[in-house]
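Visitor: Just the structure for this:
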Amino acid sequence: MPVEDRTADESRSAGRSARRIQSISVGFALIRHLAAAPGGMSPKEMGQAAEMSPSQVHMYMASFIVEGLAVQDPVTSRYDLGPYALELGLAAMRRLDALEIARETMLSLRAETAKSVFLTVWGNSGPTIVAKVDGYRPSADVLRVGYVLPTLDSSTGRLFFAYLAGPQTVDIVKREREDPLSPSSHLTDEHISSIVQRIRRSGLATHDGYRDSYNAIAAPLLDHSGLICAALTITGPEQDFEGYEEGPVALVLRRAAKKVSFELGYRDGHRVQAIPYSENE
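Guide: Coordinates of the predicted model:
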């Protein structure tokens, strides 16, 4: 293709991309107006606020309604925020609170243990690392922010599996168990059940040799309702994890997780929300 033609095509493509991005910006301006309003808004009110015609407002809002970001009253035709807008807000709050509150604790854990520490939340694809501080010792550890850990073949994943309700984990776990290349494919229902029960008894999840000669141990961060909102995990050479659940690293991690959970609103005596594991999940 001649350079001139390629440049023209690239310009047209860039123009289309710019228009798509602009459309998103315009559309979410409407959502921001809804969020700032004390209640629902009519198409006319939204059009005035966003300097758009009511027909343009309807075009954008129709898509947001399909996605659950907005709803429209069939009687008054007024728009308001939808259920997914609330879900997004709550999800953002859970992540922000845990991340901000845990950051200083992660640094303290690194100072006490000299090991790598990371914070994980449950994402659409499974346990996802959202923050990490590297240990003092050089290592070939490739776990970085954004990395999605396996659910059954990592201490962090097992922790979430033990504390989350079945519907949130069942599809991911099923895929792992059905993958012949996955280390989890050999796990029986009885083995998985014993893992879950052990984690719930000890309050910690461990995993031997998750990568070469490295081990990991994870503890839940619980919110005011007793639900797991994140996990703190320490990783390091296997020889440093003597005693596992009762060893020195576990002791430090338990204390740190308890401190962060307290700051997130959890109190001793609150019922921990963990759905009993069923082999039929």
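
Visitor: What strand or helix carries residue 190?
Guide: Here residue 190, judged by DSSP states H and E, is contained in helix 189-202.

Visitor: in that helix, what counts as buried?
Guide: 192, 195-196, 199 (16 or more other CB atoms under 10 Å). From N, CA and C alone the C-beta is placed, and that goes for glycine too.

Visitor: What sits closest to residue 56 if chain neighbours are left out?
Guide: residue 47 (7.1 Å; CB to CB, 6 or more residues apart in numbering).

Visitor: OK, contacts around the one you found?
Guide: By CB atoms under 8 Å, 6 or more residues apart in numbering, the residues touching residue 47 are 53-54, 56-57.

Visitor: Identify the bridge partners of the closest residue to residue 224 other than its chain neighbours.
Guide: With sequence-adjacent residues excluded and distances taken as CB to CB, 6+ apart, residue 224 is closest to residue 265, at 2.9 Å. Beta bridges link residue 265 to residue 223, judged by DSSP bridges.

Visitor: going forward can the numbers begin at 460, since that is how I track them
Guide: Renumbered: residue one is now 460, and that last one reads residue 724.

Visitor: ranking the contacts of residue 506 by neighbours, who comes first?
Guide: Taking other CB atoms under 10 Å as the neighbour criterion, residue 516 ranks highest of the contacts of residue 506 with 24 neighbours.

Visitor: That one in helix, strand or coil?
Guide: Following DSSP: H, G, I helix; E, B strand; the rest coil, residue 516 is assigned to helix.

Visitor: Show the pLDDT at it.
Guide: pLDDT, residue 516: 92.

Visitor: And residue 652, by the same measure?
Guide: For residue 652, the pLDDT comes out at 88.

Visitor: what separates it from residue 620, distance-wise?
Guide: With the distance defined as CB to CB, to the nearest Å, residue 652 ends up 11 Å from residue 620.

Visitor: now do residue 548
Guide: Taken as CB to CB, the span from residue 548 to residue 620 is 26 Å.

Visitor: quick one: which of those two has more around it?
Guide: residue 620 (27 against 12).

Visitor: residue contacts, the residue nearest to residue 683?
Guide: Contacts of residue 724 by CB under 8 Å, 6+ apart are 682-684.

Visitor: So which of the residues you listed wins on neighbours?
Guide: Most surrounded of the contacts of residue 724: other CB under 10 Å gives residue 682, at 19 neighbours.

Visitor: so that residue makes contact with residue 689?
Guide: No. Counting by CB atoms under 8 Å, residue 689 is not a contact partner of residue 682; they are 9.0 Å apart.

Visitor: doesn't the residue nearest to residue 515 fall inside a helix?
Guide: Yes. The assignment for residue 506 by three-state DSSP puts it in a helix.

Visitor: Model confidence score at it, please.
Guide: 93.

Visitor: before we move on, what about residue 683?
Guide: 82.

Visitor: roughly how far apart are it and residue 658?
Guide: Distance from residue 683 to residue 658, counting by CB to CB: 22 Å.

Visitor: hmm, back to that, what helices or strands is the helix holding residue 649 leaning on?
Guide: Applying 3 or more CB pairs under 8 Å, 6 or more residues apart in numbering; DSSP states H and E, one finds that helix 648-661 contacts helix 614-622.

Visitor: Contacts made by the helix it packs on with the rest, please.
Guide: Contacts of helix 614-622 with the rest of the structure, by CB under 8 Å, 6+ apart, involve 579, 581, 585-586, 608-611, 628, 632, 654-655, 658-659, 663-666, 669, 675-679, 686-687, 690, 692, 731-733, 736.

Visitor: Got a PyMOL select line for the buried ones in those residues?
Guide: For the buried members of these, the matching PyMOL selection, counting by 16+ other CB under 10 Å, is:
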select buried, resi 579+581+585+586+608+609+610+611+628+632+654+655+658+663+664+665+666+669+675+676+677+678+679+686+687+690+692+733+736
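
Visitor: Tell me which of the contacts of helix 614-622 fall in helices.
Guide: Using DSSP state H, 628, 632, 654-655, 658-659 are the members of the contacts of helix 614-622 that sit in helices.

Visitor: Mind telling me the two of the residues you listed farthest from one another?
Guide: Using CB to CB, these span at most 16.5 Å, a distance reached by 632 and 659.

Visitor: rewinding a little: any idea how far the residue nearest to residue 683 lies from residue 679?
Guide: Relative to residue 679, and taking CB to CB, residue 724 is found at 14 Å.

Visitor: Brilliant, that's me finished.
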